[in-house]
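A.B. asks: Quick one, what's the 3D model for this:
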Amino acid sequence: MNQINRYLNGNYFVDLYDDGTKTRSADISTVTTLKPEFPDQIELKITNCCDKTCAGYNESKATGTIADILYNKIIADIKPYTEVSIIDCNALAHPALVKFIEELKSKNIDVDLTVNQTHLINDLENFGIVLELVSKKLLRCLSVRLTDSTDEKLYNLICKKLANVIIECHVGLTSSEDIHRLSNHNLSLMILGFKQQTWHSRCLYQNSKMPEDIIAQNTQNMIAELKKIQTGTDKFIAIGFDTLAAKQLNILNPDGSCDYYIQAADEYSLFIDLANDEYAKSIYDERKPIVTKSMTINEMFKACHNIV
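C.D. replies: Alright, predicted model coming up:
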């Protein structure tokens, strides 16, 4: 693991390494709380377009807003070495997606892309776009939202033709059988928790049309399946959780540590919805309007996190 960059954000340093690791550190003799000046990770929504009624996404329409991403002042405001994740709806429907990601990479901005499994494997044009991004090494990682673990195209296309793919699934909606099928295919797994207080997660579970007792049973079965992963029966390149999933699945050790990767909390993040001119701390949180085109990313970040 080699350090590739270090930069100052507020009162602490961010160190980036060639394996994707990011650390935050400060002089503990003078700093008791890390206070960022700007987000070091940004989630971007660039379109409302989506022709699927996917669980968790309430904007489902074949035609919708296509945000101006190539000449947007907000995009120009993103600092080098920021992690940018393009998420939500069908980003592959944006005609300027590849050019946009090329522009971000030219500014030393790391880009992650999240796509729906169905959009990726059932549309050859979409798959071609992703292949281009991967072959040009424009993506730090590609995440695929799981819709059907029994679809053979998932394994024949994604597993065999793409590298370093992360399968994204949710506590309660993903069964232990899903986890077992996905194992031993050179995939990584990211398990996300259920935030009951948010419209996003309420939509996620309501759209799934899955009975609550099955959701509860899936959660318990997933805990048992994780033990198989620990013993090496079912293998993944890596497995991670957001902080809520780690708590819901009770995988934290008594001292609060964990044997798995835990995604950082959102105190360093910002979600920007360019299709609706809104922003929030994360995709799960209440959104605020971008009141003027001159509003900066730092202003949004400080407003979300109540930084004076």
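A.B. asks: Name the secondary structure element that contains the spatially closest residue to Tyr155 that is not a sequence neighbour.
C.D. replies: Once flanking residues are discounted, Tyr155 sits nearest to His185: 5.8 Å by Cβ to Cβ, 6 or more residues apart in numbering. In this view, the C-beta of every residue, glycine as well, is placed from N, C-alpha and C. Counting by DSSP states H and E, no helix or strand carries His185.
A.B. asks: can you check Asp27 too?
C.D. replies: Per DSSP H and E: nothing holds Asp27, as it lies in no helix or strand.
A.B. asks: Neighbours of it, how many?
C.D. replies: 9 (other Cβ atoms under 10 Å).
A.B. asks: Can you give me the distance of it to Thr150?
C.D. replies: In this structure, Asp27 and Thr150 are 53 Å apart, going by Cβ to Cβ, to the nearest Å.
A.B. asks: just for this protein, where's the confidence low?
C.D. replies: For the chain, applying pLDDT under 70 flags the ranges 19-20, 51-71, 195-211, 230-231, 256-266, 308.
A.B. asks: any idea how it splits into domains?
C.D. replies: Here the domain parsing of the chain from automatic domain parsing is 1-35, 38-304.
A.B. asks: looking at the ones you listed, which is buried most?
C.D. replies: domain 38-304 (a mean of 17; mean count of other Cβ atoms under 10 Å).
A.B. asks: before we move on, the earlier item: Leu157 is in contact with the residue nearest to Tyr155, correct?
C.D. replies: No: His185 is beyond contact range of Leu157, at 11.7 Å (criterion: Cβ atoms under 8 Å).
A.B. asks: What helix or strand is Leu104 located in?
C.D. replies: Per DSSP H and E, Leu104 falls inside helix 97-106.
A.B. asks: Give me the next element, helix or strand, following that helix.
C.D. replies: Sequence order places strand 110-116 as the next helix or strand after helix 97-106, per DSSP H and E.
A.B. asks: is it true that Phe301 lies in a helix?
C.D. replies: Yes: per DSSP: H, G, I helix; E, B strand; the rest coil, Phe301 lies within a helix segment.
A.B. asks: if I look at it, how far off is Thr147?
C.D. replies: For Phe301, the distance to Thr147 equals 33 Å [Cβ to Cβ].
A.B. asks: do Asn186 as well
C.D. replies: Going from Asn186 to Thr147 by Cβ to Cβ gives 20 Å.
A.B. asks: quick one, helices of the stretch 51-200 of the chain?
C.D. replies: 73-76, 97-106, 117-121, 124-135, 152-153, 160-161, 176-182, 199-207 (DSSP state H, counting those that start in this stretch).
A.B. asks: Columns distance to Lys281 on top of the ones you listed, output as JSON lines?
C.D. replies: Rendered in JSON lines, the data for the helices of the stretch 51-200 of the chain read as follows (distance: least, Cβ to Cβ, whole Å):
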{"stretch": "helix 73-76", "distance to Lys281": "16"}
{"stretch": "helix 97-106", "distance to Lys281": "22"}
{"stretch": "helix 117-121", "distance to Lys281": "27"}
{"stretch": "helix 124-135", "distance to Lys281": "28"}
{"stretch": "helix 152-153", "distance to Lys281": "36"}
{"stretch": "helix 160-161", "distance to Lys281": "36"}
{"stretch": "helix 176-182", "distance to Lys281": "30"}
{"stretch": "helix 199-207", "distance to Lys281": "13"}
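A.B. asks: closest to Lys228 out of those helices?
C.D. replies: Closest approach to Lys228 among the helices of the stretch 51-200 of the chain (Cβ to Cβ): helix 176-182, 7.7 Å.
A.B. asks: if we can go back for a sec, Phe241 is nearest to which of the helices of the stretch 51-200 of the chain?
C.D. replies: With respect to Phe241, and counting by Cβ to Cβ, the nearest of the helices of the stretch 51-200 of the chain is helix 176-182 at 12.7 Å.
A.B. asks: Figure out how far the helix holding Leu104 is from the centre of its chain.
C.D. replies: Centroid separation for helix 97-106 versus its chain: 18 Å, with Cα atoms, centre = their mean, to the nearest Å.
A.B. asks: next one: stretch 127-138
C.D. replies: Relative to its chain's centre, stretch 127-138 lies at 18 Å (Cα atoms, centre = their mean).
A.B. asks: same deal with stretch 170-179?
C.D. replies: For stretch 170-179, the distance to the chain centre is 18 Å (Cα atoms, centre = their mean).
A.B. asks: Pretty sure Ser25 sits against Phe13.
C.D. replies: Yes: with contact defined as Cβ under 8 Å, Ser25 counts as touching Phe13 (5.4 Å).
A.B. asks: Specify the helix with the largest residue count in the protein.
C.D. replies: Across the chain, the longest stretch assigned as helix under DSSP state H is helix 212-231.
A.B. asks: Appreciated, that's everything.
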